[in-house]
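A.B. asks: Based on what follows, work out the 3D shape:
(2 chains)
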Amino acid sequence: EAQVTQNPRYLITVTGKKLTVTCSQNMNHEYMSWYRQDPGLGLRQIYYSMNVEVTDKGDVPEGYKVSRKEKRNFPLILESPSPNQTSLYFCASSLSNQGLRRETQYFGPGTRLLVL
Amino acid sequence: DQQVKQNSPSLSVQEGRISILNCDYTNSMFDYFLWYKKYPAEGPTFLISISSIKDKNEDGRFTVFLNKSAKHLSLHIVPSQPGDSAVYFCAAWQTGTASKLTFGTGTRLQVTL
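C.D. replies: I've put the predicted structure just below:
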């Protein structure tokens, strides 16, 4: 089954304790992205990756890191989480972003993070 | 700076009636628009899209209208069904950037019996 998976789905942590949220897709997609969803703000892009070893900042990258060592995986790293990073996080992927017709993005189920 | 706005946080519609969800944008460089639907505890799923060279796109019960001069798009669902109850996000791609999909704040649709 074609899908985007995220782990963990729920996480409670404390300020300053490094954590990683994993994201994996099995569709051989080139493009992957991370978003956070907050009430009244919709989904905001954190980081994206056009392909392996190619990553760039989205709208709200502060406090986050990513890496893209393999095509299928795109982990989100919070080196020193703070309470303002409490949010619902979504990973997404799409085949590519080239051409006039933008490929639709496929989203994972979300990771709900609480930073105390 | 919210470049894609959905001014109605919620909407309630009776089953069988038309649901109209609205979206306004400010960036004239947006050239491709999408609607995503999101159920609780799930990720958003793609619903329908429209290119800026068109003013209407239909897919079954769903129709998206684009008014470029007003920088406004709308999603019509006819007839509305209880299973349509979800949060709907409007999103836009910007010309020249292959990377960034800008989302609106979402509208929660409740279809009542």
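A.B. asks: ok and the residue in chain B nearest chain A?
C.D. replies: B:G43 (3.1 Å; CB to the nearest CB). C-betas here are computed from N, CA, C, even on glycine.
A.B. asks: Near that residue, how many other residues are there?
C.D. replies: Neighbourhood size, B:G43 [other CB atoms under 10 Å in any protein chain shown]: 23.
A.B. asks: Now do the lowest-mean-pLDDT helix or strand in chain B: distance to the chain's middle.
C.D. replies: The helix or strand of chain B with the poorest confidence is strand B:101-103; it has a mean of 89 (mean pLDDT, DSSP states H and E). With CA atoms, centre = their mean, to the nearest Å as the basis, strand B:101-103 stands 11 Å off its chain's centre.
A.B. asks: Stretch B:28-46 too?
C.D. replies: Distance of stretch B:28-46 from the chain centroid (CA atoms, centre = their mean) equals 7 Å.
A.B. asks: rewinding a little: in its sheet, what does the least confident helix or strand of chain B sit against?
C.D. replies: Sheet pairing for strand B:101-103, assigned by DSSP bridges, gives strand B:86-94 (antiparallel).
A.B. asks: mind saving the C-alpha coords of the strand it pairs with as PDB?
C.D. replies: Listed next in PDB are the C-alpha coordinates belonging to strand B:86-94 (Å, rounded to 0.1, in the frame of the first residue of the first chain):
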ATOM      1  CA  ALA B  86     -14.100  17.500   7.900                       C
ATOM      2  CA  VAL B  87     -11.700  20.400   7.900                       C
ATOM      3  CA  TYR B  88     -11.000  21.700   4.400                       C
ATOM      4  CA  PHE B  89      -7.800  23.500   3.600                       C
ATOM      5  CA  CYS B  90      -7.200  25.700   0.600                       C
ATOM      6  CA  ALA B  91      -3.600  25.700  -0.700                       C
ATOM      7  CA  ALA B  92      -1.600  27.500  -3.400                       C
ATOM      8  CA  TRP B  93       1.600  27.000  -5.300                       C
ATOM      9  CA  GLN B  94       3.700  30.000  -6.400                       C
END
